[in-house]
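# no FASTA, just this:
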């Protein structure tokens, strides 16, 4: 039974690997195109990492990161188009917001891209405030590329550990564990009230997030 399971996993991985780096780029691009409904393209990086080595791991992460970041231009464009539909009075109000974004925008984009934070909630207002698309794209590509490359190398390390302790025949189990872990992390991230996290950070700093009452308040 275990041999059959491992054979199925191996077949799936080989099929994914045949996509090549261009295929990974396109899947990552498409996975990020739909605003507020992103597909977890990093899961592909996690699964494929076990079949790549050295510079190939870097290129795997690079392809996924660039594809994922370019896909985020969609939500930025939605913001820009929404701005055009606003009445002049509202456009005047946005000038103050735009001034703040010009100062901190690139840093915010980079941090959101580098972490599993729900970045669409930031990228939409950036488009709405007509933040410089060059800075947006550079910061987003840098963050998501570093994230994807880091995920690729960490995933490779994880699978090497699985092979060392459980043997090559248990790689299917290791893959399932990785998928379950990604699913749990995704669910947790979706349940977090990020606005509340921001408020706690502003008032109490990072230590405030460790308090039991605060932890309970940020989970939906």
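Received it, and whenever you're ready, just let me know what you need. As the structure is a prediction and not an experimental result, all values here were calculated from the model.
# how much space between residue 62 and residue 158?
Note on residue 62: its distance to residue 158, by Cβ to Cβ, to the nearest Å, is 20 Å. No exception for glycine: its C-beta is placed from N, CA and C like everyone else's.
# Neighbour count: those two, which is higher?
Taking neighbours as other Cβ atoms under 10 Å, residue 62 and residue 158 compare with residue 62 leading, 20 against 17.
# In contact with the more buried one: list those residues for me.
Counting by Cβ atoms under 8 Å, 6 or more residues apart in numbering, residue 62 makes contact with 145, 148, 149.
# what helix or strand is it on?
Using DSSP states H and E, the element containing residue 62 is helix 55-71.
# in that helix, what's buried?
Within helix 55-71, the residues that qualify as buried are 57, 60-71, counting by 16 or more other Cβ atoms under 10 Å.
# Pretty sure residue 50 sits against residue 161.
No - the pair residue 50 / residue 161 is not scored as a contact, 11.1 Å apart, by Cβ atoms under 8 Å.
# of the two, who's got more company?
Neighbours were counted for residue 50 and for residue 161 using other Cβ under 10 Å; residue 50 has more, 21 against 11.
# Now do stretch 21-33: everything it contacts.
Contacts to stretch 21-33, defined as Cβ under 8 Å, 6+ apart, come from residues 19, 38-41, 44-45, 48, 59-60, 63-72, 74, 148.
# please redo it, this time with the cut-off set to 7 Å
Contact with stretch 21-33 is made by 38-39, 41, 44, 59-60, 63-64, 66-68, 70-72, 74, as judged by Cβ atoms under 7 Å, 6 or more residues apart in numbering.
# ok, so of these, who is nearest residue 111?
When the contacts of stretch 21-33 are compared for distance to residue 111 (Cβ to Cβ), residue 72 wins out at 14.1 Å.
# Now do that closest one against residue 53, distance only.
29 Å.
# between these two, who's got more neighbours?
residue 72 (25 against 9).
# residue contacts, the more buried one?
Residue 72 neighbours (Cβ under 7 Å, 6+ apart): 32, 119, 123, 140.
# and it, backbone torsions?
Backbone torsions of residue 72, given as degrees, to the nearest 10, read phi -70, psi -10.
# following the helix or strand residue 31 falls within, which helix or strand shows up next?
Per DSSP H and E, residue 31 falls inside helix 20-33. The first helix or strand that comes after helix 20-33 along the chain, using DSSP H and E, is helix 42-48.
# mean confidence score for that next one?
Mean per-residue pLDDT for helix 42-48: 83.
# same deal with stretch 58-72?
Mean predicted confidence for stretch 58-72 is 91.
# Run a quick check on residue 192 versus residue 216, I expect a contact.
No - with contact defined as Cβ atoms under 7 Å, residue 192 and residue 216 do not form a contacting pair (11.8 Å).
# what about the two, which has more around it?
residue 192 (15 against 8).
# What does the pLDDT read for the more buried one?
Looking at residue 192, its pLDDT reads 71.
# for the one 3 residues further on, same thing?
According to the per-residue confidence, residue 195 scores 65 in pLDDT.
# And for residue 142?
pLDDT recorded at residue 142 is 93.
# Let me know the helix or strand that it is in.
For residue 142, the enclosing helix or strand under DSSP H and E is helix 133-166.
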